[in-house]
Structures are given as structure tokens and as C-alpha cells.
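Enquirer: Any chance you could fold what I've pasted below:
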Amino acid sequence: MKLQQLRYVTTVARQGMNVSDAAVILNTSQPGVSKQISMLEDELNVDIFVRSGKRLTGLTEPGQLICRIAERILREAQNVKRVAEEFTQESNGSLVIATTHTQARYALPKIVQAFREQYPNVRLGLHQGNPVQIAEQVASGDADIAIATEAMEGFDELVMLPCYSWNRSVIAPPGHPILEGRLTLERVACYPIVTYDFAFTGRTLMNKAFEAQGLIPNVVLTAIDSDVIKTYVELGLGIGLVASMAFDPLRDKGLREVDASHLFEPSTTHITLRRGAYLRGFAFFFIELFAPHLTRVEVEKAIGING
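Expert: You can find the predicted model right below:
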């Protein structure tokens, strides 16, 4: 049994039994993946995958258990490597952050700048996606840290640590009636709305606020990107409901903002980590830059790693 074979099995499973896609991710050939999986099944004397002809269609019962154990083994192997790197290459390595567009565009630039000044030799990657994609990347080990508002309770292997709370603003072109007078949900509901996609928890809180007052918001366009929302509001498609951090009066000169924090419950942004993952020293430095209250001791306790 080889780590490579376990990696092939878990990658195929994560790619929905698509061996071709797994081969691309693994930077090898499809026949090579199939051969290694067959060799492992022969060694274990058990089928890991359900087959229909030459196609893999699912995991067998023992295959499900093997896949879960293989994921843990691969994570621990990665932890061993990181421990060695921590003592031999303290200021070198890579750190991958999975996050939403809003966080990457508005919350992280100063953090990234400060991190780069302290660790210029660490390769930093920002992977943007929706909440499910972000959670999957951390759960699979493709990303080290997730930063998002959305809850990720569906992933038992992940730990969520609260960072800060935020709320929303209404944005509109200059001269729009919504900018005048007291802002209420009734007034907001009178206009076409451009806002976030349903995949985001912040959108759910927005809907609850309208429902509590018996109102139905006229949402005409949704997006996962705050800049896309602002673009269509500038074009006159409707008023926008965005995270307050996403509005910059210096950059967004074609728009005006009204604070809407009195209309909606605040949302909380979290850092999400994989249980049992060994984090390099520079990862803790990044976390403390973003959320100073999350010390190394607190984080290690939360994810189950002892110093």
C-alpha cells in the first residue's frame, strides 16, 4: 500500500468517480490512476469502487470506510511534512486561503500586504469561490484556511472560529429616491433589488428580515461578486444591497450609500480550519493579523493540535 494509491482513491471519490478529472488534478494519466486503484484493491482483496462496465459509479461499503481512513492518513502525512518544514524552512513554504470575493477584495488586502512584508518568501494563494466550494477546499486539504461569513456546519471535519461582525448598506445612483428620508424595509421593497446569491448566509438573513414584516423583496438580479452588483446598480437595474465593507466612496463615485444596519441582523465572518491540521507558524501569523483575538494557543486548542 502506497500513499500515492490512497491519494488516487480519495481524489477520484472527490471528483464524483470521474477518473479523467482526477488524472488531471493528479498530473498523471487515466490508465495510470485506474491501474494503481486496481493494484490497491488486489492487495486489500476488496472492491473499493462500484463499477458499471469500465465506469466507476460509486464507493462500496468497505470503500467508503477505506476512503475516510485514507483521507485521515493523507492529512497526517501532510502534517508530518509540515512539521519538518517548520524546523528546516521556517520562513518558506506556501499558504492557501479560500475565501469569497468580498473578503478577498475588501477585507484582506491590508492583511495580505502585512503578511508579505513579514514573510516575503512564502507563496500566498487566494482561491475565491462560493461557500460550498470554499468549505470543500479546506476539507480536502487544497486550502489551509477559509474565510467566509457563511456557516459550514455540514462539514464535521471543519472548525469555525468567529472573527468580526458586519452589516449591510443600500446603494443607488446619485439622485435616487431611496437615498432621501428614513430608510425602511417597506421603502426598499418598493424597488428592484440587486444583491447576493442565495448561496450566501447574508442573503438568508436579508430574506428573514423582509419575511418578518410580511414583505416580498423584488430581487431582479443576484451575484456572488460585490463589484458585479455595483456595476448593475450603476446601470440602473435596481438598488443594491451589499456588505457595507464593499462600498468605497473614493472608488464608487457613481454610487451613493445609505447604512442599512438597523434593518438587518448582523452577520459574522469566520475563519474555518480543518480539525487536526498542523499549521505552519506563518499561518498563525496570518490568522492573528486577520483576527487578533485568535491566538495560536486558542486556534490549536480549537483544531485539536497541541503545540
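Enquirer: All the strands of this structure, residue numbers only.
Expert: 49-52, 55-59, 93-99, 122-128, 145-148, 158-166, 168-172, 192-196, 218-223, 239-243, 256-259, 267-274 (DSSP state E).
Enquirer: Make CSV from those and add mean pLDDT and mean neighbour count to it.
Expert: Placement of C-beta: from N, CA and C, glycine included. Converted to CSV, the strands of the chain look like this (pLDDT from 0 to 100; neighbours: other Cβ atoms under 10 Å):
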stretch, mean pLDDT, mean neighbour count
strand 49-52, 91, 14
strand 55-59, 91, 15
strand 93-99, 92, 21
strand 122-128, 93, 15
strand 145-148, 94, 26
strand 158-166, 93, 17
strand 168-172, 97, 24
strand 192-196, 95, 23
strand 218-223, 94, 16
strand 239-243, 96, 26
strand 256-259, 97, 17
strand 267-274, 92, 21
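Enquirer: Now do the contacts for the spatially most central residue of the chain.
Expert: The chain has residue 134 as the residue nearest its centroid, 2.5 Å off, counting by Cα atoms, centre = their mean. Contacts for residue 134 (Cβ atoms under 8 Å, 6 or more residues apart in numbering) come out as 98-100, 127, 143, 146, 148, 150, 152, 272.
Enquirer: What of residue 4?
Expert: residue 36.
Enquirer: What's the separation between it and residue 37?
Expert: Using Cβ to Cβ, to the nearest Å, we find residue 4 at a distance of 11 Å from residue 37.
Enquirer: same check, this time on residue 304
Expert: For residue 304, the distance to residue 37 equals 31 Å [Cβ to Cβ].
Enquirer: Quick one: residues contacting residue 216.
Expert: Neighbour list for residue 216: 189, 210 [criterion: Cβ under 8 Å, 6+ apart].
Enquirer: 10 Å instead, please
Expert: 189, 207, 210 (Cβ atoms under 10 Å, 6 or more residues apart in numbering).
Enquirer: Which pLDDT value goes with the residue nearest to the centre of the chain?
Expert: Model confidence at residue 134, given as pLDDT, is 90.
Enquirer: what about residue 304 and residue 37, which has more around it?
Expert: residue 37 (19 against 10; other Cβ atoms under 10 Å).
Enquirer: coming back round to it: the residue nearest to the centre of the chain and residue 101, how far apart?
Expert: Residue 134 is 11 Å from residue 101, by Cβ to Cβ.
Enquirer: And for residue 81?
Expert: For residue 81, the distance to residue 101 equals 31 Å [Cβ to Cβ].
Enquirer: who has more neighbours, those two?
Expert: Taking other Cβ under 10 Å, residue 81 and residue 101 do not tie; residue 101 has more neighbours (17 against 11).
Enquirer: That one and residue 245 touch, don't they?
Expert: No. With contacts counted by Cβ atoms under 10 Å, residue 101 stays clear of residue 245, the gap being 11.8 Å.
Enquirer: what touches both of those two?
Expert: What both residue 101 and residue 245 touch, as defined by Cβ under 10 Å, 6+ apart, is the set residue 226.
Enquirer: Please enumerate the helices of the stretch 151-300 of the chain.
Expert: Along the stretch 151-300 of the chain, counting by DSSP state H, counting those that start in this stretch, helices occupy 185-189, 201-212, 226-234, 281-290, 296-303.
Enquirer: how many neighbours does the spatially closest residue to residue 184 that is not a sequence neighbour have?
Expert: In space, and not counting its chain neighbours, residue 184 is closest to residue 263: 7.4 Å by Cβ to Cβ, 6 or more residues apart in numbering. Using other Cβ under 10 Å, residue 263 has 19 neighbouring residues.
Enquirer: tell me the pLDDT at residue 83?
Expert: Taking residue 83 on its own, its pLDDT is 69.
Enquirer: joint contacts of residue 134 and residue 101?
Expert: residue 128.
Enquirer: How far off centre is stretch 273-288?
Expert: On the basis of Cα atoms, centre = their mean, to the nearest Å, stretch 273-288 is displaced by 15 Å from the centre of the chain it belongs to.
Enquirer: Buried residues, it. List them.
Expert: Within stretch 273-288, the residues scored as buried using 16 or more other Cβ atoms under 10 Å are 273-274, 277-280, 282-287.
Enquirer: swap in stretch 182-193?
Expert: Buried residues in stretch 182-193, counted by 16+ other Cβ under 10 Å: 183, 185, 187-188, 191, 193.
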